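J.: From the sequence below, what's the structure:
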Amino acid sequence: MVIAAEGQPDIVVVGAGILGLSTAFQLQQRGYSVLVMDRKGPVAEASRGNAGAFAFSEIIPLATPGIMRQAPRWLLDPLGPLSIPPKYALQLAPWMIRFWLACRPQRVEHGIQAQTELMEHSKHALLPFLKKTGTGGMLRRDGNLQLYESRAEFEASLPFWDARERCNIPFEHVHGSYAISEYQPGLDKRFVAATYTPEWYSITDPLEYALTIADIFRHRGGRIEVAEAIAVSGTEKGAEVTCSDGQVISADKIVICAGAWSHKLARTIGDKIPLETERGYNTTLPVESFDLQMQLTFGGHGFVVSKLSSGIRVGGAVELAGLALPPNFRRAEALMDKAKAFLPDLKTEGGSQWMGFRPSLPDTLPVIGKSKRSDNVIYAFGHGHLGLTQSAGTAELVGQLIDGEKPSIDLTSFRSDRF
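T.: All right, here's what the predicted structure looks like:
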């Protein structure tokens with residue numbers, strides 16, 4: 001059945017993670033009636049278990065020549081920073097070829113420029129968004145400390161810090177275990193250098209933050225429904241989304257913010273977008289487990305330790321394994337073992353494990369823009385590790401597209417057909 005005309009929203013947003021909810025709130029602020037639909041309900045997937053960071057300094061793509069040199073070594077360790085289960089390798093091959101092509105220096109430089117523009121826009125959009133949602137009190141400005149175990153590891157990072165410096169991102173290099181301990185006491189003395197980035201913000205708890213946005217959106221008349229979208233299509237007057245129960249919902253515009261499932265919907269309208277799923281693992285320990293001063297990043301091992309109001313979260317790494325394979329929580333355990341070695345006073349009892357699906361495109365840039373098949377279907381997905389970071393900025397860009405305004409940044413690099 002098709003939803004009755006009197007119940008037809010102006011806009012349907014598919015996906016109730018942080019990007020979908022932020023977009024829905026932004027569109028509501030612009031005067032639209034908005035329906036959000038999600039197969040599980042608000043904040044049921046990656047947005048509930050992330051590290052809670054607004055990582056505005058993270059402008060370097062995952063696809064770089066350096067990672068291609070490290071990948072073979074990492075892949076030999078099934079619990080290392082990068083893992084591809086053998087049974088998924090063949091299916092992943094087309095994405096990996098595009099990833100390899102994105103590692104070329106010219107493509108990397110282009111990606112850095114595009115990511116920098118989106119980061120700057122998102123940073124400027126954040127504080128007004130927090131004010132409008134009444135969530136400003138959840139923001140922390142503790143910074144991030146990137147840690148290095150050897151001079152070689154530190155020196156290998158310098159070209160990327162040079163790139164950040166060219167983009168006016170502030171940071172400070174720190175040398176020697178004593179100087180590092182001034183930033184974060186309790187670290188193992190193996191770390192010979194670190195880099196502190198002061199403009200790395202965080203939220204007290206990503207789940208609480210997203211649920212608060214959902215609550216205020218509903219309080220102001222927005223609707224959130226549990227329904228599984230299985231297809232989208234453009235129509236003469238707007239767009240439609242078909243649900244698994246047979247319901248067809250019509251609207252003037254459909255916005256796809258369905259995270260790791262988004263490309264499946266895009267394919268139903270005829271857009272083939274090479275999105276893959278980075279499965280991330282974490283363990284959240286009780287708050288008293290460690291006296292953490294700021295987020296710690298162990299780049300050589302692909303994980304972070306974050307301070308949240310709900311606990312100390314140890315998580316990260318990349319497992320390219322799609323949506324269907326069962327979780328491998330040995331990866332979460334391996335991260336905990338490393339965290340204990342790096343933070344000897346860390347209490348590892350009483351933790352809860354989690355696995356989430358990050359939507360990842362080969363060049364590390366999201367898709368933001370209109371479908372090539374219909375101007376009434378808008379895409380906003382594929383942000384990888386940066387969904388929370390870029391949520392307010394992406395929401396504003398979607399609002400500008402729908403209102404026919406010139407977007408604040410050039411969206412050519414984020415178009416859906418760039419592959």
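J.: all contacts plus neighbour counts: C-alpha atoms, from now on.
T.: Will do.
J.: just the helices in the stretch 151-300 of the chain please.
T.: 151-166, 177-183, 206-219, 262-269 (DSSP state H, counting those that start in this stretch).
J.: Would you mind giving those as JSON lines with mean neighbour count added?
T.: Shown next, in JSON lines, are the helices of the stretch 151-300 of the chain (neighbours: other CA atoms under 10 Å):
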{"stretch": "helix 151-166", "mean neighbour count": "14"}
{"stretch": "helix 177-183", "mean neighbour count": "16"}
{"stretch": "helix 206-219", "mean neighbour count": "19"}
{"stretch": "helix 262-269", "mean neighbour count": "18"}
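J.: Is the nearest residue to residue 314 once chain neighbours are set aside bridged to anything, and to what?
T.: Closest residue to residue 314 in three dimensions, ignoring its sequence neighbours and counting by CA to CA, 6 or more residues apart in numbering: residue 305, at 4.6 Å. Applying DSSP bridges to residue 305 yields these beta-bridge partners: residue 296, residue 314.
J.: thought residue 305 was touching residue 291?
T.: No. Checked against CA atoms under 8 Å, the pair residue 305 and residue 291 is beyond contact range at 11.4 Å.
J.: okay, these two: which has more neighbours?
T.: Higher neighbour count among residue 305 and residue 291: residue 305, with 24 against 14, using other CA atoms under 10 Å.
J.: what sits against the more buried one?
T.: 51, 295, 296, 297, 312, 313, 314, 315, 339 (CA atoms under 8 Å, 6 or more residues apart in numbering).
J.: switch to 10 Å and redo it
T.: With contact taken as CA atoms under 10 Å, 6 or more residues apart in numbering, residue 305 is in contact with 51, 144, 282-284, 292, 294-298, 312-316, 335-336, 339.
J.: just to revisit the earlier point, find residues that contact each of residue 305 and residue 291.
T.: By CA under 10 Å, 6+ apart, the residues touching both residue 305 and residue 291 are residue 312.
J.: What residues sit buried inside the longest helix seen in the chain?
T.: Using DSSP state H to define each element, the chain has its longest helix at helix 105-133. Using 16 or more other CA atoms under 10 Å as the test for burial, helix 105-133 gives 107-109, 111-123, 125-126, 129-130, 133.
J.: Could you list the residues in contact with the next helix or strand after it?
T.: Beyond helix 105-133 on the C-terminal side, the first helix or strand identified by DSSP states H and E is strand 139-140. Residues from elsewhere that reach strand 139-140, judged by CA under 10 Å, 6+ apart: 52-54, 127, 130, 200-205, 209, 294, 307-308.
J.: Return the item of those having minimum pLDDT.
T.: Ranked by pLDDT, these bottom out at residue 200 (92).
J.: ok, that one touching residue 297?
T.: No. With contact defined as CA atoms under 10 Å, residue 200 does not reach residue 297; the gap is 11.5 Å.
J.: which one of the two has more residues nearby?
T.: Between residue 200 and residue 297, counted using other CA under 10 Å, residue 200 has the larger neighbour count: 23 against 20.
J.: ok, so what distance separates that one from residue 171?
T.: Noted for residue 200: a distance of 10 Å to residue 171, by CA to CA, to the nearest Å.
J.: ditto for residue 318
T.: Taking CA to CA, one finds residue 318 at 26 Å from residue 171.
J.: Residue 223 too?
T.: For residue 223 relative to residue 171 (CA to CA), the value is 42 Å.
J.: Equivalent analysis for residue 103, please.
T.: 25 Å.
J.: likewise residue 182?
T.: Distance of residue 182 to residue 171, computed by CA to CA: 16 Å.
J.: now residue 302
T.: Where residue 171 is concerned, residue 302 sits at a distance of 20 Å (CA to CA).
J.: and if you look at residue 89?
T.: Taking CA to CA, one finds residue 89 at 38 Å from residue 171.
J.: For those two, indicate the residue with more neighbours.
T.: residue 171 (19 against 13).
J.: Identify the residues contacting the more buried one.
T.: Per CA under 10 Å, 6+ apart, neighbours of residue 171: 57, 143-145, 161, 164-165, 195-200.
J.: and these, which of them are in strands?
T.: 144, 145, 195, 196, 197 (DSSP state E).
J.: What is the burial count for the second one?
T.: Which is residue 145. As a burial measure, residue 145 scores 26 neighbours (other CA under 10 Å).
J.: Quick check: pLDDT value at it.
T.: At residue 145, pLDDT is 98.
J.: again with the fourth one
T.: What the model reports for residue 196 is a pLDDT of 98.
J.: these two touch, right, it and residue 169?
T.: No. Applying CA under 10 Å as the test, residue 196 and residue 169 come out as separate, 11.2 Å apart.
J.: For the closest residue to residue 270 other than its chain neighbours, which three-state class applies?
T.: Nearest in space to residue 270, with sequence neighbours left out and distances taken as CA to CA, 6+ apart, is residue 373 at 6.8 Å. Taken by DSSP: H, G, I helix; E, B strand; the rest coil, the conformation at residue 373 corresponds to coil.
J.: Pull the number of nearby residues for residue 373.
T.: Quick note: residue 373 (other CA under 10 Å) scores 13 neighbours.
J.: hang on, isn't it packed against residue 269?
T.: Yes. At 6.7 Å, residue 373 counts as touching residue 269 under the criterion of CA under 10 Å.
J.: Please enumerate the shared neighbours of the two.
T.: Going by CA under 10 Å, 6+ apart, residues that sit against residue 373 and also against residue 269 are 233, 234.
J.: in the protein, which helix or strand is least confident?
T.: helix 65-75 (a mean of 69; mean pLDDT, DSSP states H and E).
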